[in-house]
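quick one, fold the following:
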Amino acid sequence: MKRGFLKSLFAGVFLCIACHTAVAGDTTPDYASMVDTRMGTVGKPGPNGLASGFTFLGATYPFGMMQLTPTHFEPQRGIVVNQISGGGCPEMGNFPLIALSGRLDKSPNDMGSFPFYKDILASQAGYLSLEYKDGVKCETTVSKRSGVVRMTFPSSASEGTVIIGSGVCSTKLTNALVKITSPTTLEGYAEGGDFCGYQTDYRVYFVAEFNTPAKVQGTWIREDMKDGRLTIGGSNSGAYFTFDTSGGRTVEYKVAISYVSLANARENLQKDNAGRDFEQVLADTRAEWNRHLGKIEVTGDADRMKQFYTHFYHTLIHPNVFNDVNGEYLGADCNVHKTEPGRDYYTTFSAWDTYRTQSQILAVLYPKESSDMMQSLVDFAEQSGGYGRWILANIETGVMHGDPTPVIISNTYAFGGRDFDLKKAYEYMRKGALEPRTYSQNVEVRPGLSNYIEKGIENASLCLEYTSADYAIGQFAKQALGNNKDAAFFMNRASNWKNLYDPSTRWLRSRHNHDMSWKKPDDDWREATKENYFWMVPYDLETLIDTIGGKTAAEKRLDSLFVRIDAGYDDHFFAAGNEPDFQVPWIYNYVDKPYKTSAIISRILREAYDSSPSGLPGNDDCGAMGSWYMYASIGLYPMTPGVAQFCINMPQFSDIKIHLPGGLLQIKGGKDGQYINSMRLNGKTYNSAWIDWDMLKNGGTITYKASAKPNKKWGLKK
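A predicted model of the protein is given here:
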C-alpha cells in the first residue's frame, strides 16, 4: 500500500552494528543484534514512487502495544509512543519526547523546530540509541505494554530538560490534556488524528514517571510557557521537567499507554514494567526477540542473514496487542470490552497488504497468537457491523479496497490458526459478500456489491479483489464448517474474473455498467496497471493461462513483464514494491518453467533489496513485504487464498531450520543464483513445484541439489 509520501528521511551517519552472541561463551546466535531497524527507513532516489519502506527506526516488542521511536514523518519532534511500521503516510505519533542540554528558554509550541538527531549509535530489535547535536544521548527499549527512555546528558551540562508533548502528534489532534502529578510523575491523554486522509478520532492515555525528581516543572500551550503550572490542555501543548544533570547524569523515563483509561495506563506501567530499570527491560526484551526470531534459523551470507532477520522482525510487529494488562480494550462500538482469560485483543490490520503473505506465516509459526488475531477481527465485526479492511486502534479507516479480511481468516484457518469462533467468522464473511450496504462502522464493506451480484462485474482491480475473497470464503465454508453448498457457490462466483476478459486484446479490463461495453484498457487499476493485475487470479491460473493461448503465450507475457522489476504505479512492468505483483514470480511454475521462478526471485532479491536504509523496493505495510522476503528466501510461497499449499523456488540459504509447533522442518542445499537440479522430501525424490502444508507441518527434511545450469525437467509433475 503506497500513498505518495515520498521523502528520503532519516539521512545521516549510520554506524555498523556487529552481530554477537547474547552472553559470553554462549553459542546461541543473538538474532536481535542481526536486526538493523534502519533498513527501510529511507526512500530510494529516482522516479519510482514505490521505493520507500516507511518502517520505523525505534524499539518495539513482538506484537507489542508500544513503539518508542522517532516518528518517520517528523523525527525532529522527538521519540513517540506509537507508530505503524511501513504504513506509508502519517499517523499516530503520540506523546513525543525530546531531551535537551540546559534549561528550556521558550515554548516548544508544536515541537517542530528542534534539530534532528545527529547520529544513530545502535538500531537493533528492541533497542535504539541516538545522539543529538547538543551531546544528549537517548536510548529506548520497550516491553509488551510499556517503555523506557534513558537519557544521558553531557558532563558539561549542569541542567537538562525533558519535554513531553501531550497536544502534539504526527497528524491533527482535536483535544489533549497533561497533568504533572509530582516532581517525578505526569499523566494525560490525546484524541484525534487521521490516517491517509481518513479521520481516526481515537483517544489514547499515558502515565509516566522519572527515576529522579525534577528541580523545575511546567507546561506550555502554543507560545505560552509557565514554570510551576501543572495542568494544561489543547493542541500544541505539553509538559517539561528540568533536572540537575551535573557530571553527566542519566535520567530514566518510564511510560505506559492505554486506549481505555488513565487507571489502566497506570496499571500497565506498574504490572508490565514491574519496577525494572532500563537495563533489565532491555535484557528481557532482547531475550524475547531472540526467542521469536530463533523460530527460523538460517545459515549463509552474513549480509543476507541481516536482511532476513530484519524482514522477519518487521513481520512480527503488527498486528499488535490493543488490550490492557487487565484485559480491557476499547471496542469498535466505542464501549469497553474485556478479553477472555488467556487471550489478547489485537489491532493494526493492514488487511489488503497482509492477506497475501503475512497471515499465512503467522498461522504457521504462531497458531495461538494468530487465532487471537482472528477472534479480534470477528469481535470487531460484531461490534461494528462487518469486517474492516484497514483497522487502526478501534477504527475502520476504509483505506484501500476489496474485501481482504475474509481472506486473512481463511488463510489463517488453513495454515493452523483455528482457535476462534468459526461460525461467527463465517457469518460476517457471508454477510459482507451477500448483503449490499453492509457497513463496518461508517465504511461500506463491499462498495458496488449489487452490481457485482447482478452483473458479475465491478471496476477491474476491485472485481479481482472480490473474486479472491469469494474463493477464500468458499474454502473456509468447506474446510472449517463442512458447508459444501456455500463453498460451491462462492468458489463458482470467483469465476467472475472471466467477465473482465476481452478476447480481442487477450487482457482483463473494466466494463461500463450500463451496457457492458469495454472501458479503456488502463482504466480502474488501483495502484497498478493491467499488466500487474492480470495475474491476480491465483485460484484459477490454469484457466487464465489456457484462455490467453496456453503456457507458451503465458510465458512470453511473463517474460515481458520482468523486463523491469522496479515499476511504479503507472508502469507496465513488474513492481517488486507493490502487493498485486507479489505472487507473479511463482507463476512460471504453472507454465512448466519452474527454473525461471528461481531465476527471477534471485534477481529480485539481488536487485530490489539490500541491507541499507533504502533497501526495500516499497512500503513494508505492516509486515507484508517482510513476509514476502522470507518466503522467497526459504523457497516456499503460499499462492492460493484459503489453501494450505506452497509454490517452490530455490532457497537462498544452504541450511534452514524452521521450528514449527508440530516439529522441526529442515531445508538444505539452497544456493542463491543457482537452480534446482533435484529435490528430496524426507529422503524420497520429489519432482513437483508445489507442496502441501500437510506434508510439512509436523516437520521433516527437504534437500536440494543445486546446479549452475537449469534442469528444465525438474518440477513438472503436477
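
what's the neighbour count on the closest residue to residue 506 other than its chain neighbours?
In space, residue 506 comes closest to residue 548 once its chain neighbours are excluded; the distance is 4.9 Å by CB to CB, 6 or more residues apart in numbering. In this view, the C-beta of every residue, glycine as well, is placed from N, C-alpha and C. Neighbour count for residue 548, taken as other CB atoms under 10 Å: 17.

residue 251 should be in a strand, yeah?
Yes - counting by DSSP: H, G, I helix; E, B strand; the rest coil, residue 251 is part of a strand.

what's the pLDDT at it?
Note on residue 251: pLDDT of 98.

could you measure from the closest residue to it other than its chain neighbours over to residue 466?
Leaving aside its chain neighbours, residue 251 sits nearest to residue 151 (4.9 Å; criterion: CB to CB, 6+ apart). Counting by CB to CB, to the nearest Å, the separation of residue 151 from residue 466 is 51 Å.

how far off centre is the helix or strand containing residue 406?
Assigned by DSSP states H and E, residue 406 falls within helix 405-414. How far helix 405-414 lies from its chain's middle: 16 Å, per CA atoms, centre = their mean, to the nearest Å.

and for residue 663, the neighbour number?
Residue 663 - counted by other CB under 10 Å - has 12 other residues nearby.

so after the helix holding residue 406, what's the next helix or strand?
Criterion used, DSSP H and E; the element after helix 405-414 is helix 422-434.

helices of the stretch 351-500 of the chain, residue ranges please.
351-354, 358-365, 367-384, 405-414, 422-434, 449-455, 460-481, 484-493 (DSSP state H, counting those that start in this stretch).

what packs against the last one?
Right, the one you point to is helix 484-493. In terms of contacts (3 or more CB pairs under 8 Å, 6 or more residues apart in numbering; DSSP states H and E), helix 484-493 is packed against helix 460-481.

how far off helix 422-434 does the helix it packs on point, in degrees?
150 degrees (axes from the mean of the first three to the mean of the last three CA atoms, to 10 degrees).

for helix 460-481, list the C-alpha coordinates in PDB.
Extracted C-alpha coordinates of helix 460-481, given in PDB (Å, rounded to 0.1, in the frame of the first residue of the first chain):
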ATOM      1  CA  ALA A 460     -11.300  -4.100 -12.800                       C
ATOM      2  CA  SER A 461      -9.000  -4.400  -9.800                       C
ATOM      3  CA  LEU A 462     -11.800  -4.200  -7.300                       C
ATOM      4  CA  CYS A 463     -13.600  -7.100  -9.100                       C
ATOM      5  CA  LEU A 464     -10.500  -9.200  -8.900                       C
ATOM      6  CA  GLU A 465     -10.200  -8.500  -5.200                       C
ATOM      7  CA  TYR A 466     -13.800  -9.600  -4.700                       C
ATOM      8  CA  THR A 467     -13.200 -12.800  -6.600                       C
ATOM      9  CA  SER A 468     -10.200 -13.700  -4.400                       C
ATOM     10  CA  ALA A 469     -12.300 -13.000  -1.300                       C
ATOM     11  CA  ASP A 470     -15.100 -15.200  -2.700                       C
ATOM     12  CA  TYR A 471     -12.800 -18.100  -3.300                       C
ATOM     13  CA  ALA A 472     -11.300 -17.800   0.200                       C
ATOM     14  CA  ILE A 473     -14.900 -17.700   1.700                       C
ATOM     15  CA  GLY A 474     -15.700 -20.800  -0.200                       C
ATOM     16  CA  GLN A 475     -12.600 -22.600   1.100                       C
ATOM     17  CA  PHE A 476     -13.400 -21.500   4.600                       C
ATOM     18  CA  ALA A 477     -17.000 -22.800   4.300                       C
ATOM     19  CA  LYS A 478     -15.700 -26.100   3.100                       C
ATOM     20  CA  GLN A 479     -12.800 -26.600   5.400                       C
ATOM     21  CA  ALA A 480     -13.900 -25.000   8.600                       C
ATOM     22  CA  LEU A 481     -17.700 -25.700   8.500                       C
END
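
for that helix, packing partners?
Using 3+ CB pairs under 8 Å, 6+ apart, helix 460-481 sits against helix 405-414, helix 422-434, helix 484-493, helix 530-533.

and the contacts of the shortest one?
Think helix 530-533. Contact with helix 530-533 is made by 460-461, 464, 507-509, 521-522, 525, 561, 567, 572-575, 578, 580-581, 584, as judged by CB atoms under 8 Å, 6 or more residues apart in numbering.

pull the contacting residues for residue 498.
Applying CB under 8 Å, 6+ apart, the residues near residue 498 are 543, 547.

and it, how far is that from residue 549?
15 Å.

average pLDDT for the helix holding residue 406?
For helix 405-414, the per-residue pLDDT averages 98.

quick one, that helix and helix 367-384 angle?
Using the same axes, to 10 degrees: helix 405-414 against helix 367-384 is 150 degrees.

where does this protein have low pLDDT?
The model of the chain has pLDDT under 70 over residues 1-27, 45-51.

before we move on, back to that, report the buried members of the contacts of helix 530-533.
Neighbour-count burial (16 or more other CB atoms under 10 Å) applied to these gives 460-461, 464, 507-509, 525, 561, 567, 573-575, 578, 580-581, 584.

looking at those residues, spot the one nearest residue 188.
Within the buried ones among the contacts of helix 530-533, distances to residue 188 taken as CB to CB reach their minimum at residue 578, with 39.2 Å.

isn't the closest one right up against residue 528?
Yes - checked against CB atoms under 8 Å, the pair residue 578 and residue 528 is within contact range at 6.3 Å.

any common contacting residues for those two?
residue 569.

on that earlier part again, so which of the helices and strands packed on helix 460-481 is nearest residue 621?
That would be helix 405-414 among the helices and strands packed on helix 460-481, by CB to CB, at 13.3 Å.

which other helices and strands does the closest one contact?
helix 351-354, helix 358-365, helix 367-384, helix 422-434, helix 460-481.

with distance to residue 288 as new columns, can those be given to me in TSV?
Formatted as TSV, the helices and strands packed on helix 405-414 follow (distance: least, CB to CB, whole Å):
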stretch	distance to residue 288
helix 351-354	22
helix 358-365	15
helix 367-384	13
helix 422-434	29
helix 460-481	32
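
closest one to residue 273 among those helices?
helix 367-384 (22.2 Å).

and that closest one with helix 358-365, angle?
Using the same axes, to 10 degrees: helix 367-384 against helix 358-365 is 130 degrees.

show me which residues of helix 367-384 are buried.
In helix 367-384, the ones that count as buried by 16+ other CB under 10 Å are 367, 369-384.

just stretch 589-603 next, same as before
Buried-residue list, stretch 589-603, by 16+ other CB under 10 Å: 589-602.

list just the nearest of those residues to residue 645.
residue 589 (11.4 Å).

so which strand or helix has residue 257?
Going by DSSP H and E, residue 257 is in strand 250-258.

helix or strand next in line after that strand, which one?
Using DSSP H and E, the first helix or strand after strand 250-258 is helix 262-268.

for that following helix, output the C-alpha coordinates as CSV.
Below are the C-alpha coordinates for helix 262-268, written out as CSV (Å, rounded to 0.1, in the frame of the first residue of the first chain):
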residue,chain,number,x,y,z
LEU,A,262,-5.7,6.6,32.9
ALA,A,263,-6.2,4.0,35.5
ASN,A,264,-5.4,1.2,33.0
ALA,A,265,-2.3,3.1,31.8
ARG,A,266,-1.2,3.3,35.4
GLU,A,267,-1.8,-0.4,35.9
ASN,A,268,0.0,-1.2,32.6
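
which helices and strands sit right next to that helix?
Partner elements for helix 262-268 (3+ CB pairs under 8 Å, 6+ apart): strand 185-195, strand 198-210, strand 250-258.

let's go with 6 Å and repeat that
strand 198-210, strand 250-258 (3 or more CB pairs under 6 Å, 6 or more residues apart in numbering; DSSP states H and E).

what's the angle from the helix or strand following it to strand 250-258?
The first helix or strand that comes after helix 262-268 along the chain, using DSSP H and E, is helix 278-293. Calculated by the same axes, to 10 degrees, helix 278-293 forms an angle of 50 degrees with strand 250-258.
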